Every structure is written in C-alpha cells, then in structure tokens.
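Visitor: output the structure for:
(one chain, ligands or ions: 1)
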Amino acid sequence: MRRFSLASLVSEAFNAHQGWGRQWRSPEPKASYQAVIVGGGGHGLAAAYYLAKEHGLRDIAVVERGWLGGGNTGRNTTIIRSNYLFDESAALYDHAVKLWEGLSADLNYNVMFSQRGVLMLAHNTHDVQSFKRHVYANRLNGVDNEWLSAEEAKEFCPPLNISPDIRYPVLGAALQRRGGVARHDAVAWGYARAADALGVDIIQNCEVKAINRGPDGAVTGLETSRGTIATRKIGVSTAGHTSVVMAMAGLRMPLESFPLQALVSEPVKPVFPCVVMSNAVHAYISQSDKGELVIGAGTDQYVSYSQQGGLHITTHTLDAICELFPQFSRMRMLRSWGGIVDVTPDRSPIIGKTPVPGLYVNCGWGTGGFKATPGSGNVFAWTIAKDEPHRINAPFSLDRFRTGYLIDEAAAAAVAH
Ligand SMILES: Cc1cc2nc3c(=O)[nH]c(=O)nc-3n(C[C@H](O)[C@H](O)[C@H](O)COP(=O)(O)OP(=O)(O)OC[C@H]3O[C@@H](n4cnc5c(N)ncnc54)[C@H](O)[C@@H]3O)c2cc1C
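Guide: Below you'll find the model as predicted:
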C-alpha cells in the first residue's frame with residue numbers, strides 16, 4: 001500500500017492524484033477465520049488492527065452491517081479526555097490518550113488529533129466540589145487536570161459568559177490541556193487502512209444474524225447476510241446494538257440503549273479555541289476545522305433504536321449554549337442527527353470475556369467511547385488474543401454486575417461524556 005509522505009504527496013501532485021489506489025480491499029468473506037470482530041466502528045477496527053499488529057493474528061475479519069464508521073463513530077462530537085475520577089477509569093482513558101498522541105504516525109494516517117484543551121464548567125457548589133475532587137484524584141494518577149477560576153476560564157476561552165446573573169453561572173472550571181478532539185471518520189478509515197495492510201479482511205454490508213455454538217457451548221461461527229463464517233473467537237463491538245447481537249448467543253446484557261443527539265452550525269471563521277463541556281446542562285461545544293460549531297446534547301430519557309431524539313433535548317442544549325456564549329445566538333444550525341448509545345448501570349464500559357467460551361464483548365461506552373477508541377481496541381485485542389483480560393480492562397468485566405465491584409463514574413460525574 002502506498003505510504004502517505006511529503007514525497008508521495010509531491011509526486012501525486014504531478015500525477016493529478018490518480019495513483020493513490022484504494023485505501024482498503026473489499027474481499028468476499030472466507031469460509032473461516034481465526035477470529036471475527038463484529039462491528040466496523042472505531043473500536044472494532046482498532047481491535048482488529050492491534051490483533052494483527054501486536055498479537056500476530058492475521059487471519060481475521062471485521063464484519064460490518066453497513067459502512068465503516070456509520071454507527072456512533074461517525075456521529076459523535078469527538079471529545080477526548082482522560083480526567084475520570086476512579087483509578088480504573090483514569091488508567092483506561094489515559095492509556096487511550098497516550099495512544100492518540102502517536103496515532104497518526106502509527107497508522108500513517110492523519111486522524112487530526114488536536115490537543116486544544118477540554119474545559120468542564122462548574123455551575124454550582126456540587127460541581128465545584130466534584131471537579132476539585134477529580135483534579136486531586138487525577139494528579140495522584142499522573143493525569144493532567146487543573147482548577148481554573150471563572151476569570152481564568154474566560155481567559156482560556158474568551159467567548160465564555162461569566163456574568164453571575166445567568167441561569168447557569170460559571171463558578172470555575174476544570175481544564176485538561178491534553179484533552180481535545182480528533183476527526184472521527186479519519187479514525188475509522190485510518191484503522192481500516194492499517195488493518196487491511198496487515199491482512200485483515202474488512203467486510204462491509206455484512207450483517208450478523210446469528211451466533212453458532214457447539215455442543216460444549218463454545219462459539220463455532222456466525223450466520224451473516226453474506227453466508228456462514230466459521231470461527232472459534234468472536235469479538236462483539238456493536239455499541240448501541242450490543243444487546244441484540246449478544247442475545248444471539250443467549251446472553252442478556254446489563255445495558256439500556258438510548259438516542260443521543262448532536263448538531264452542527266453553519267461554518268464560521270475560527271472563533272472557539274477549545275472544547276467546553278457543561279455536564280450540569282448536558283451541553284458540549286467545540287469548533288471543527290471546517291468552521292462548524294459542533295454541539296452535543298444529553299441522552300433522551302426513553303430507550304429507543306430510532307437514531308433520532310426529541311426536539312426538546314436539543315432546544316434545551318441550545319438555550320444553554322446561547323446563554324453561555326451569547327455571540328452564537330444568531331447562528332443557524334445546519335444538521336442534527338442521533339446515534340444509539342449503550343449505557344451500563346454504572347456508566348463504565350464492559351470489555352472482556354463472557355460466560356460463552358470464545359465470545360468477547362466490548363460495549364457500554366454510552367455517551368463517551370470515542371475518546372477511548374485506541375485504548376479500548378488495544379486491550380480488547382489483548383483479551384481476544386490471550387483469552388484473558390489485560391490488567392487495564394480486568395476491572396471492566398461483565399462479572400462486576402454480579403460481584404458488585406462497580407466503577408461508578410455515573411455517581412462520580414453524573415455524565416460519562
Ligand atoms: C451524538 C453522539 C455524540 C457523542 N459524543 C462523544 C464525544 O464527544 N466523545 C466521546 O468520547 N464519545 C462520544 N460519543 C460516544 C461514541 O460515539 C461511542 O461510544 C463510540 O463511537 C462507539 O464506537 P464503537 O466502534 O463501539 O461503535 P460504532 O461506531 O457504533 O460501531 C458499531 C458498529 O456495529 C455495527 N453493527 C451493529 N449491529 C451489527 C450486526 N448485527 N452485524 C454487523 N455489524 C453490526 C454498526 O453498524 C456499527 O457500525 C457520542 C455518541 C453519539 C451518538
């Protein structure tokens with residue numbers, strides 16, 4: 001495969017860019033593979049890449065019922081941070097941030113990772129106490145996070161309204177400078193291209209309809225819309241549809257699936273220097289490199305697979321955005337959409353083995369799994385290859401809902417974005 005470099009770019013400039021070729025193959029599914037990943041989002045593609053790169057498994061496939069990145073990977077607001085409260089979460093998300101920092105070079109694909117800083121606004125005494133607690137806990141874990149006064153927050157993000165008379169007054173903010181955003185499609189495409197180069201078959205328009213099991217209960221293969229595939233290892237990374245796929249193996253998951261919405265404005269010149277999150281209001285904002293304001297809302301309050309949410313959720317978010325950033329109040333919104341997020345009771349993910357031998361699951365990322373993509377794929381690949389969890393994902397087992405060893409980020413932050 002042609003590498004991206006200055007030299008190849010210059011030579012293609014003289015060739016009307018006709019020589020790049022396809023970024024990945026489009027193979028027919030084989031009758032059998034050593035391992036099959038279900039779901040061609042960022043997490044599934046990353047797992048396939050690390051399985052091939054770090055564990056030497058080359059006879060593997062990723063099966064995706066639609067197109068690569070067509071699920072939540074291509075629908076999210078791309079906030080990346082690792083300042084979670086609990087030690088287990090900080091280890092997992094910071095593993096991801098460290099991989100993000102070298103990802104474009106590793107994949108030879110520009111994922112446009114931009115560490116412009118993530119500011120989390122505190123609007124009440126509870127927020128102030130909670131975020132300061134995060135700052136202290138993060139520092140103990142070697143994760144950068146600092147407390148800013150309202151004035152310092154405004155200095156970092158000049159459009160911010162810190163007037164004390166507004167409905168959601170800003171009392172201060174936590175800032176993770178290593179946090180930021182990345183280009184979501186490029187993440188899926190970069191992993192797909194790099195995995196394909198290592199021999200992974202990436203098969204789109206291939207929906208998994210059933211999971212086959214032998215007399216001992218272990219998985220033996222998959223029934224797909226493109227035929228039967230035999231395999232002894234199946235890794236499920238299907239986000240909002242995890243419950244549906246796992247039910248095919250007879251497993252009931254501790255998950256609920258909710259619509260989560262985002263929207264973008266018309267493009268404008270660079271006006272917004274960082275990412276701002278308001279967990280109390282569920283409003284998130286950054287500016288894309290195209291110039292659009294990228295705005296995220298909270299989940300709907302009802303479960304659904306509809307991939308569209310209630311209008312009142314987005315209007316509530318926009319009310320808050322206009323109050324916090326009055327200069328945006330006359331901007332027009334261009335597009336809005338929804339994704340289906342899979343939410344666990346403690347708002348932490350599940351990455352690990354299941355009671356079915358040969359079946360592994362990576363799910364429960366809820367509203368906040370994009371940031372974890374490289375780290376999650378990395379430890380999921382380890383788990384599939386070695387049939388045991390990596391030390392980082394060991395606490396994120398399915399079993400924790402039986403033992404009670406929860407990682408309760410829901411209680412810690414009221415949001416897992
Ligand atoms: C509006 C919105 C905003 C968000 N904002 C952020 C954010 O700012 N920061 C952050 O960190 N996270 C965010 N998230 C969450 C994040 O997008 C997800 O946690 C993450 O992208 C999940 O990646 P994935 O690869 O697991 O899932 P997906 O990208 O959804 O991939 C799963 C794939 O599985 C496929 N699939 C499903 N069923 C089958 C089947 N039967 N057979 C074959 N394939 C199947 C789907 O088609 C899909 O492509 C947001 C999510 C949404 C919806």
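
Visitor: what parts of the stretch 251-400 of the chain come near the ligand?
Guide: 260-262, 296, 339, 341, 365, 367-371 (C-beta under 6 Å from any ligand atom). All C-beta spots, glycine's among them, are computed from the backbone N, C-alpha and C.

Visitor: kindly reformat those residues as a markdown table containing neighbour count, secondary structure and pLDDT.
Guide: Formatted as a markdown table, those follow (neighbours: other C-beta atoms under 10 Å; DSSP: H, G, I helix; E, B strand; the rest coil; pLDDT from 0 to 100):
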| residue | neighbour count | secondary structure | pLDDT |
| --- | --- | --- | --- |
| 260 | 28 | strand | 96 |
| 261 | 24 | strand | 96 |
| 262 | 21 | strand | 96 |
| 296 | 23 | strand | 96 |
| 339 | 22 | strand | 96 |
| 341 | 24 | strand | 96 |
| 365 | 30 | coil | 97 |
| 367 | 24 | coil | 94 |
| 368 | 22 | coil | 95 |
| 369 | 26 | coil | 97 |
| 370 | 25 | helix | 98 |
| 371 | 26 | helix | 98 |
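
Visitor: which among the residues you listed gets closest to residue 23?
Guide: residue 370 (20.8 Å; C-beta to C-beta).

Visitor: from residue 17, how far off is the residue in the stretch 51-200 of the chain that the ligand sits nearest to?
Guide: Closest contact between the stretch 51-200 of the chain and the ligand, by C-beta to the nearest ligand atom, is at residue 71 (2.3 Å). Going from residue 71 to residue 17 by C-beta to C-beta, to the nearest Å gives 29 Å.

Visitor: looking at these two, which has the bigger crowd around it?
Guide: Shown here are residue 71 and residue 17; by other C-beta atoms under 10 Å, residue 71 has more neighbours (27 against 9).

Visitor: mind checking pLDDT for the more buried one?
Guide: What the model reports as pLDDT for residue 71 is 97.

Visitor: with adjacent residues omitted, what lies nearest to it?
Guide: Excluding the flanking residues, the one nearest residue 71 by C-beta to C-beta, 6 or more residues apart in numbering is residue 41, at 4.7 Å.

Visitor: what's the neighbour count on that neighbour?
Guide: 31.

Visitor: again, but for residue 284
Guide: Residue 284 has 26 nearby residues by other C-beta under 10 Å.

Visitor: give me the element it is part of.
Guide: Per DSSP states H and E: residue 284 is located in strand 283-287.

Visitor: show me what that strand is packed against.
Guide: In terms of contacts (3 or more C-beta pairs under 8 Å, 6 or more residues apart in numbering; DSSP states H and E), strand 283-287 is packed against strand 275-278, strand 293-299, helix 311-324.

Visitor: what about residue 118, distance to residue 364?
Guide: Distance from residue 118 to residue 364, by C-beta to C-beta: 22 Å.

Visitor: no no, residue 181
Guide: Distance from residue 181 to residue 364, by C-beta to C-beta: 23 Å.

Visitor: how many neighbours does residue 54 have?
Guide: 12.

Visitor: find the nearest non-adjacent residue to it, please.
Guide: residue 381 (6.5 Å).

Visitor: the one you found contacts residue 45, doesn't it?
Guide: No. With contact defined as C-beta atoms under 8 Å, residue 381 does not reach residue 45; the gap is 10.9 Å.

Visitor: C-alpha coordinates for stretch 43-59, CSV please?
Guide: Taking C-alpha atoms only, stretch 43-59 is exported to CSV below (Å, rounded to 0.1, in the frame of the first residue of the first chain):
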residue,chain,number,x,y,z
HIS,A,43,-13.5,0.2,18.4
GLY,A,44,-13.9,-2.9,16.2
LEU,A,45,-11.4,-1.7,13.6
ALA,A,46,-8.9,-0.8,16.3
ALA,A,47,-9.2,-4.2,17.9
ALA,A,48,-8.6,-5.9,14.5
TYR,A,49,-5.5,-3.6,13.9
TYR,A,50,-3.9,-4.4,17.3
LEU,A,51,-4.8,-8.1,17.0
ALA,A,52,-2.8,-8.2,13.7
LYS,A,53,0.0,-5.8,14.7
GLU,A,54,0.7,-6.7,18.3
HIS,A,55,-0.5,-10.3,18.5
GLY,A,56,0.3,-11.6,15.1
LEU,A,57,-3.2,-12.8,14.2
ARG,A,58,-3.6,-12.1,10.5
ASP,A,59,-6.4,-14.5,9.6
